[in-house]
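Asker: Structure for the following, please:
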Amino acid sequence: MAVFRAFRALRPNTEKAAEVAALPYDVVGREEARLIGEKNPDSFLHVDRAEMDLPEETDLYDDRVYEKAAENLKKMEESGILIQDEAPCYYIYELTRKGKTQTGIAGCCSIDEYMEGTIKRHELTREDKEQDRIRHVDACDANTGPIFLACRYSDRLLDLVGTWKEEHSPVYDFTAEDEIGHRVWVIDEKDQCEIIKTEFQEIPSLYIADGHHRAASAVKVGQQRRTEHPDYTGEEEFNYFLSVVFPADQLTILSYHRVVKDLNGLTEKAFLGALKYNFELMIMPGFPCKPVEKHCMGMYAGGEWYHLKAWEDIYKDLDIVEQLDVSLLQEKVLDPVLGVKDPRTDERIRFVGGNHKLKELQKMADETGGVAFAMYPTSMDDLMQIADEGKLMPPKSTWFEPKLRSGLFIHKLS
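Answerer: Modelled structure (predicted):
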């Protein structure tokens, strides 16, 4: 069963929603955040990237950054930009990108179900990134960014969401600068909230799509609070963390491309020759090569685009993780040919989200004399199967788009 409960969201007043809503902290660079903050005093990045309001030389992990985040959050609440609902609610969150819509429900998940594996992950987390968000959540006394989850919705749950949208007006309805549409409805009727709670109890598993570090950090803060309050009952807000759960079949996973800065000392001829043991190569003169099926990828090197197709015998007997295209690329090219042993730490490799155009990859490769790989996206079915089997994907295997905005729902822990 999945515990997913209503909560009293701290959220923007209707007039300020578009200004407050911000991209997740981990997809906005420091300088970009500063520029956004200078233009928009109400952006939630003043909370999620509070270093923008401190001297430029301030270390990202300085205590003052977390203190400033808490201060900025408090100011937004005291000024009326953010208002907390009087009673627990669920919230419908709809995002539309390029004509495709995904509609999820915002609520709170149990830290116990994360620890027990009902909430399933598919990526490893890094300790330094966890510690950053632990300190941020603890200082703000709130989950400020939602975890992006997926599951298989029941028909009753889909019908409830659809009917509520038809019969009620959204409290927020705006299109962001990146042309992503955002709409939010508040489900505040007790009988409907009870149906949602009950329907989720019938769902066996929830899957983390995006936000592994935020989830792990939220859970560790909850564990820390339990230690501080040994008489806890389990009902306290710190036992739960902010999430938005979407129907898995509505989600879009984009590719996560790779660019390597150089050819590891090889000539272009030697590099291409090394690939032919594992891939069929076809030159694609004149235009970028976008892969159209699994086990294929586009490659740009030396001013030319190529189509690479893995020979069947190199993957037919592998397990589901080893068959992923990002795994094949790592094991057959990046490591043995280009010398990228650990993609998590090697500074020669750059990961580029699938929202970037292939010509941008080409430019990155040209700047350093390196090579770019345009990947075919991982499927939701593969993601859920890997999570169900308790396995993990290689780093940077999935890029979900659109990104959920931070600031539309905040979950206070006290």
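Asker: And the strands in the stretch 101-250 of the chain, which stretches?
Answerer: Secondary structure of the stretch 101-250 of the chain, counting by DSSP state E, counting those that start in this stretch: strands at 119-120, 142-143, 147-151, 172-175, 181-187, 206-210, 240-247.
Asker: how about the helices in the stretch 101-250 of the chain?
Answerer: Under the criterion DSSP state H, counting those that start in this stretch, the stretch 101-250 of the chain contains helices at 111-116, 127-140, 155-167, 190-201, 212-228.
Asker: The stretch 251-400 of the chain now?
Answerer: 268-275, 325-329, 358-368, 380-388.
Asker: Counting by contacts, list what the last one packs against.
Answerer: Which is helix 380-388. Applying 3 or more Cβ pairs under 8 Å, 6 or more residues apart in numbering; DSSP states H and E, one finds that helix 380-388 contacts strand 119-120, strand 206-210. For the C-beta atoms, the positions are set from N, CA and C on the backbone; glycine is no exception.
Asker: Swap in 7 Å and give it another go.
Answerer: strand 206-210 (3 or more Cβ pairs under 7 Å, 6 or more residues apart in numbering; DSSP states H and E).
Asker: contact partners of the strand it packs on?
Answerer: With contacts defined as Cβ atoms under 7 Å, 6 or more residues apart in numbering, strand 206-210 is touched by 2, 109, 118-122, 147-151, 215, 245, 251, 383-384, 387, 400.
Asker: Then stretch 11-24?
Answerer: Stretch 11-24 is contacted by residues 40, 42-45, 48, 80-83, 145, 171-172, 174, 176, 182, 403, 405-410 when judged by Cβ under 7 Å, 6+ apart.
Asker: buried stuff in that stretch?
Answerer: Within stretch 11-24, the residues that count as buried by 16 or more other Cβ atoms under 10 Å are 11-12, 16-24.
Asker: Closest one to Glu322 out of the residues you listed, please.
Answerer: Distances from Glu322 to the buried residues of stretch 11-24, taken as Cβ to Cβ, are shortest for Pro24 (29.9 Å).
Asker: Please report how far Gly369 lies from Gly99.
Answerer: Distance of Gly369 to Gly99, computed by Cβ to Cβ, to the nearest Å: 39 Å.
Asker: Pick out whichever of these two has more residues nearby.
Answerer: Gly369 (12 against 6; other Cβ atoms under 10 Å).
Asker: Can you tell me the centre-most residue of the chain?
Answerer: Asp210 (2.9 Å; Cα atoms, centre = their mean).
Asker: Which one of the strands of the stretch 101-250 of the chain lies nearest to Lys74?
Answerer: Comparing these by Cβ to Cβ, strand 142-143 comes nearest, at 10.3 Å.
Asker: Just the residues contacting the closest one, thanks.
Answerer: With contacts defined as Cβ under 7 Å, 6+ apart, strand 142-143 is touched by 73, 137, 218, 241-242, 410-413.
Asker: switch the cut-off to 8 Å
Answerer: 10, 73, 137, 214, 218, 241-242, 410-413 (Cβ atoms under 8 Å, 6 or more residues apart in numbering).
Asker: repeat for stretch 50-59
Answerer: So stretch 50-59 is contacted by 30, 33-34, 36-38, 45-46, 60, 62, 64-66, 68-69, 71-72 (Cβ under 8 Å, 6+ apart).
Asker: For PyMOL, write the selection for the buried entries among these.
Answerer: This is the PyMOL syntax for the buried subset of the contacts of stretch 50-59, where burial follows 16+ other Cβ under 10 Å:
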select buried, resi 33+34+36+37+45+46+65+66+68+69+71+72
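Asker: Could you pick out which of the contacts of stretch 50-59 are located in helices?
Answerer: The helices, defined by DSSP state H, take in 30, 33-34, 36-38, 45-46, 64-66, 68-69, 71-72 from these.
Asker: on that earlier part again, which one of the helices of the stretch 101-250 of the chain lies nearest to Ile349?
Answerer: helix 127-140 (17.9 Å).
Asker: contact partners of the closest one?
Answerer: Helix 127-140 is contacted by residues 26, 47-48, 60-61, 66-67, 69-70, 73, 143-144, 213-214, 216-218, 220-221, 224, 413 when judged by Cβ under 8 Å, 6+ apart.
Asker: list the buried ones in it?
Answerer: 130, 132-140.
Asker: Stretch 116-124 now?
Answerer: Within stretch 116-124, the residues scored as buried using 16+ other Cβ under 10 Å are 118-123.
Asker: Let's have these in CSV, adding pLDDT and distance to Trp305.
Answerer: CSV is the format used below for the buried residues of stretch 116-124 (pLDDT from 0 to 100; distance: Cβ to Cβ, whole Å):
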residue, pLDDT, distance to Trp305
Thr118, 96, 44
Ile119, 97, 40
Lys120, 96, 37
Arg121, 94, 35
His122, 92, 30
Glu123, 88, 30
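Asker: Would you mind finding the most buried of the strands of the stretch 101-250 of the chain?
Answerer: Highest mean neighbour count of the strands of the stretch 101-250 of the chain: strand 142-143, a mean of 26 (counted as mean count of other Cβ atoms under 10 Å).
Asker: Let me have the strands of the stretch 101-250 of the chain in a markdown table, extended by distance to Ala310.
Answerer: A markdown table is the format used below for the strands of the stretch 101-250 of the chain (distance: least, Cβ to Cβ, whole Å):
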| stretch | distance to Ala310 |
| --- | --- |
| strand 119-120 | 28 |
| strand 142-143 | 41 |
| strand 147-151 | 28 |
| strand 172-175 | 40 |
| strand 181-187 | 38 |
| strand 206-210 | 26 |
| strand 240-247 | 31 |
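Asker: that older thread, list only buried entries from the contacts of helix 127-140.
Answerer: Those of the contacts of helix 127-140 that meet the buried threshold are 26, 47-48, 66, 69-70, 73, 143-144, 213-214, 216-218, 220-221, 413, by 16+ other Cβ under 10 Å.
Asker: who wins for proximity to Leu392 among the helices of the stretch 101-250 of the chain?
Answerer: Leu392 lies closest to helix 212-228 among those, at 10.1 Å (Cβ to Cβ).
Asker: related to what we said a few turns ago, for Glu322, state which of the buried residues of stretch 116-124 is nearest.
Answerer: Taking those together and measuring to Glu322 by Cβ to Cβ, the closest member is His122, at 14.5 Å.
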